[in-house]
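Q: turn this into a structure:
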Amino acid sequence: MSIASCSFCRKPNTEVTTLVAGPGVFICDGCVALAAQVIAGTRVAESAESSGSPVAPWELELSLEAVLATLGSVAAAGAQAERNLGLWVAKARTLGATWSQVGEALGMTRQSAWERFASGD
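A: Down below sits the predicted model:
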């Protein structure tokens, strides 16, 4: 049974050897290995120019097809982060956090926090 997926490649925990959890995000062993190669300089990052200057992925010269193919992954990663945030807020509320405390932790008002997350209350 899949309980989480890598925030980078979107593979579920059932398809990877190890899935490391962070604060609301996950990374699989394959993506860790790729990141280690990029950091070591043995593999050029997709989001870097050949000169080594960092470039935001959406600033790369890409075809319309490549951009459209990426949109689903970006949306899925955002949805996963939103679900995880909701679970963390629910955990905080279960432990006795007030909406004011939740809002303060998220940099929003108590009312905004309640409107965004109260449906699970």
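Q: okay, helices next: where are they in the protein?
A: Along the chain, the segments classed as helices by DSSP state H run 29-40, 64-94, 99-106, 110-117.
Q: just the buried positions in the longest one, please.
A: When burial is assessed from 16 or more other Cβ atoms under 10 Å, helix 64-94 yields the following buried residues: 77, 80, 84, 88-89, 92-93. (Each C-beta comes from the backbone N, C-alpha and C, glycine too.)
Q: what do you get for the third one?
A: Residues of helix 99-106 classed as buried under the neighbour-count rule (16+ other Cβ under 10 Å) are 99, 102-103, 106.
Q: picking up where we left off before, between the buried residues of helix 64-94, which sits nearest E115?
A: V89 (12.1 Å; Cβ to Cβ).
Q: the closest one and A97, how far apart?
A: 8 Å (Cβ to Cβ, to the nearest Å).
Q: ok, now E61?
A: From E61 over to A97 the distance is 46 Å, taken as Cβ to Cβ.
Q: more crowded one of the two?
A: A97 (17 against 7; other Cβ atoms under 10 Å).
Q: dump the residue contacts of that one.
A: Contacts for A97 (Cβ atoms under 8 Å, 6 or more residues apart in numbering) come out as A105.
Q: can you rerun that using 10 Å?
A: Contacts for A97 (Cβ atoms under 10 Å, 6 or more residues apart in numbering) come out as 89-91, 103-105, 113.
Q: now swap in T109 and tell me
A: Contacts of T109 by Cβ under 10 Å, 6+ apart are 99-100, 103, 115.
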